[in-house]
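[1] all I have is the shape, not the residue letters:
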């Protein structure tokens with residue numbers, strides 16, 4: 001079992017409230033790179049086994065964590081992947097995973113501010129699978145072997161930009177700077193009783209707006225890995241936002257406002273706490 005975190009853009013292991021810089025722990029400078037660390041996730045189990053507080057780099061409570069993978073090469077996201085979310089949007093069940101991209105520059109840490117782009121910015125709590133090995137044409141049966149672990153994400157969405165045009169192209173509306181909070185840790189699969197059945201939730205200023213279990217997905221994480229890898233090559237550190245359950249703002253007629261705090265959580269992974277602040281408006285052409 002392990003928890004992989006990012007402290008000052010350096011990979012570290014977290015255990016019992018302490019963090020251990022991976023370069024210091026391993027004696028190899030290459031381990032400081034989060035992309036390298038996640039690509040060697042099999043070795044993280046052994047490094048994690050004998051951690052002692054006396055050898056810790058510091059306390060997690062004394063630092064601000066960054067996104068576990070701050071600069072992923074590819075970020076995939078899945079729309080309409082929970083039955084209840086399909087229902088609240090009055091959509092049809094998708095015949096295959098509805099896939100769009102979040103551009104990597106939107107990824108920020110678990111306590112970063114979210115810069116609002118307008119009056120119709122929405123929340124979407126999501127379980128995020130972190131790819132650990134190069135994957136091409138992987139079967140569902142083998143798919144978990146290519147996942148380094150799970151983290152938590154918010155697929156913040158400007159609904160106006162998301163839906164502009166016919167047909168709409170989701171990616172820009174999902175990719176404003178700060179629209180991809182992630183973290184606080186990548187948690188190894190063996191930490192979960194069942195990595196296909198993880199509870200996740202979301203609160204806005206203390207009011208619960210979303211709660212579900214990942215077992216309610218239409219397309220499971222192994223199915224997503226298999227499907228995506230049949231089309232593109234997945235790389236270590238790639239993120240797969242696996243879809244959101246019901247309770248999004250668009251279905252409630254409520255959107256994010258300056259000064260509000262969005263708190264997202266997932267079983268064993270931890271919480272994101274993101275405050276809403278003013279951002280830059282979209283250029284009108």
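    Perfect, I can see it now. What you see is a predicted model; the values in this text were computed from it and never measured.
[2] what ranges do the strands span in the stretch 51-200 of the chain?
    Shown for the stretch 51-200 of the chain, the strands assigned by DSSP state E, counting those that start in this stretch span residues 58-59, 65-66, 75-79, 98-101, 107-108, 114-116, 121-122, 125-131, 147-154, 157-158, 180-187, 199-204.
[3] as a markdown table, these with mean pLDDT and distance to residue 241 would be great.
    (C-beta placed from N, C-alpha, C; glycine too.) Formatted as a markdown table, those follow (pLDDT from 0 to 100; distance: least, C-beta to C-beta, whole Å):
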| stretch | mean pLDDT | distance to residue 241 |
| --- | --- | --- |
| strand 58-59 | 97 | 30 |
| strand 65-66 | 98 | 18 |
| strand 75-79 | 98 | 4 |
| strand 98-101 | 97 | 9 |
| strand 107-108 | 98 | 10 |
| strand 114-116 | 98 | 15 |
| strand 121-122 | 98 | 14 |
| strand 125-131 | 98 | 5 |
| strand 147-154 | 98 | 5 |
| strand 157-158 | 98 | 11 |
| strand 180-187 | 98 | 8 |
| strand 199-204 | 98 | 12 |
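[4] show me where the stretch 101-250 of the chain has helices.
    159-162, 221-229, 249-252 (DSSP state H, counting those that start in this stretch).
[5] grab the nearest non-local neighbour of residue 271.
    Leaving aside its sequence neighbours, residue 271 sits nearest to residue 265 (C-beta to C-beta, 6 or more residues apart in numbering; 4.5 Å).
[6] that neighbour touches residue 210, doesn't it?
    No. Counting by C-beta atoms under 8 Å, residue 265 does not reach residue 210; the two are 10.0 Å apart.
[7] re the thing from before, turn the helices of the stretch 101-250 of the chain into CSV, columns for mean pLDDT and distance to residue 284.
    Converted to CSV, the helices of the stretch 101-250 of the chain look like this (pLDDT from 0 to 100; distance: least, C-beta to C-beta, whole Å):
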stretch, mean pLDDT, distance to residue 284
helix 159-162, 96, 11
helix 221-229, 98, 35
helix 249-252, 96, 22
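[8] residue 265 and residue 210: who's more crowded?
    Ranked by neighbour count (other C-beta atoms under 10 Å), residue 265 and residue 210 place residue 210 first, with 23 against 18.
[9] and that one, what does it touch?
    Counting by C-beta atoms under 8 Å, 6 or more residues apart in numbering, residue 210 touches 123, 125, 200-202, 244-248.
[10] if it is in a bridge, with which residues?
    Legend: beta-bridge partners of residue 210 under DSSP bridges are residue 202.
[11] I figured residue 86 was touching residue 93, is that so?
    Yes. The pair residue 86 / residue 93 is scored as a contact, 5.9 Å apart, by C-beta under 8 Å.
[12] so the two - more neighbours on which side?
    The residue with more neighbours, out of residue 86 and residue 93 and counting by other C-beta under 10 Å, is residue 86; that gives 18 against 9.
[13] between residue 86 and residue 93, which contacts overlap?
    With C-beta under 8 Å, 6+ apart, residue 86 and residue 93 have common neighbours 80, 218.
[14] give me the neighbour count for the closest residue to residue 91 other than its chain neighbours.
    Nearest residue to residue 91, sequence neighbours excluded (C-beta to C-beta, 6+ apart): residue 80, at 5.7 Å. Residues near residue 80, counting by other C-beta under 10 Å, number 19.
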